[in-house]
Every structure is written in structure tokens, then in C-alpha cells.
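>>> model the following, please.
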Amino acid sequence: MSIRILLADDHAIVRDGLARSLQQQENMEVVGEAKDGLTTVELARELSPDLIVMDIGMPDLNGIEATREILREYPEMKVIGLSMHSGKRFITEMFKAGAKGYLPKDCEFDELLEAIQAVMDGKTYLSLSITGVVVDNYVRTSPESQSSAFSVLTPREREVLQLMAEGNSTKQIGLRLHISPKTVEAHRLRIMNKLDIDNVAQLTKYAIQEGLTSPEP
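All right, here's what the predicted structure looks like:
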């Protein structure tokens, strides 16, 4: 029986290349592709894939939040992070969200196949090329320096911050999240107070630094 895979990446050329390669495997089938986090969540509900190969830096809803939302509803699904981000914060937050594997985008395709098989066998897979980053995180990082957007802000506040950083207006954010403009403004004020940041430019810079959104549109 084939492993049913959903690909989530905001670059069409990456999705196309991965889909072509995975479809050539006898025991794997790509059942869907998503270009942003919200679509990924919707397709996960609609298609019920066995495994999702998830990018982190996606518009509307980043891969970490998408992973958390999907696995909250479908804990049996498997997620592997495949990202250009190899910093310890991105890796640890992805695993905290429930991912079972993590690889950098410059890994060999054979390693992705190995990771998929390992995760489907119930194991956790971390690329050897970034293992040192995770070890360093636990050995060298003090609890005081662990503060991040994922520990300071609520999930809703992170969603609002990402959409703000991506240039959406208060009205657009409200429509996307199905909340009133007044509620959006309340979230914006709480975000600014918690982060001690009083302008959108710095909020955008912070969101990129924390992996909530990508520098590219």
C-alpha cells in the first residue's frame, strides 16, 4: 500500500520537482500540493494524507503553525519539516509542534526517502547535517534565552503578526481569520505590548527573524 503524501511549499518549482521524484517511488503517491499554510491545513482535512512534507516559510500561515493545527486535529498524521531554515529555534519549534522529522532543503533526495520511511515506521528523523544544532541548543542555551514568539505570543497573536508582516490590512486580517477589525486591533496592541515594539517595520523584522514569515513575498 502506497504512502499518501501531501507536499507543502510556497515555491512551485520545489513542489513540482519533489512530486515528480516521489511519484517514481513504487510505494509513494503524492495526493496533493499546497502553496501556503492555510491551504495545507484544508488539504490535510480533505485528503487525509499519511504524511506531509512541510516547508516552514510559507505565507498566510507558516509551517510550524500549520503543523500544530493539523496534528491537533489529526495526531495520527506524520509531518516532516523540509526547510531552508536550519537554526535551532526553527528545528525545536517544529518538533514541539509535533513533526517527526526535519531536513534542510539542500539534503540529498535519498535522505528524504530515508526520513519518510523512518517516520512511517514510527521513528523520529533528524538530518545528520543539523544534529549538532539541536545538541548545541540543549547543551549551551540557558533557559533565560529561550524566549521566542512561540513562547511569548499566543497562537492567534502569532497568526495576526504573520499576516501583519505580510502586508495585510486590519480588514484583510479580520476576513482571513473570521474575526472583527476591532479584535484584530486588540491583538495588534497586545503583540506590541508583549514584544515592546511600537512600529510595523520592526514587527515585520521580528516576524522574519522568528520564522513566522519569510523575507520574500
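>>> now residue 120: closest residue in space, sequence neighbours ignored.
Distances taken as Cβ to Cβ, 6 or more residues apart in numbering put residue 3 closest to residue 120, at 5.8 Å, once the chain neighbours are dropped. (Each C-beta comes from the backbone N, C-alpha and C, glycine too.)
>>> what bridges to that neighbour?
Assessed by DSSP bridges, residue 3 has beta-bridge partners residue 28.
>>> residues contacting it?
Residue 3 sits next to 27, 28, 29, 50, 51, 116, 120 when contact means Cβ atoms under 8 Å, 6 or more residues apart in numbering.
>>> ok, now with 10 Å
By Cβ atoms under 10 Å, 6 or more residues apart in numbering, the contact list for residue 3 reads 22, 25, 27-31, 49-51, 78, 116-117, 119-120.
>>> separation between it and residue 51?
6 Å (Cβ to Cβ, to the nearest Å).
>>> anything in contact with each of these two?
Common contacts of residue 3 and residue 51 (Cβ under 10 Å, 6+ apart): 28, 78, 116, 119, 120.
>>> okay, the second one: pLDDT?
Yep, that's residue 78 we're talking about. Per-residue pLDDT puts residue 78 at 98.
>>> is it in a bridge, and if so with what?
Bridge pairing for residue 78 - DSSP bridges - gives residue 51.
>>> distance check, it against residue 23.
Counting by Cβ to Cβ - residue 78 and residue 23 are separated by 19 Å.
>>> those two: which is more packed in?
residue 78 (21 against 12; other Cβ atoms under 10 Å).
>>> might one say that the more buried one is in contact with residue 44?
No: using Cβ atoms under 10 Å, residue 78 is not in contact with residue 44; the gap is 11.2 Å.
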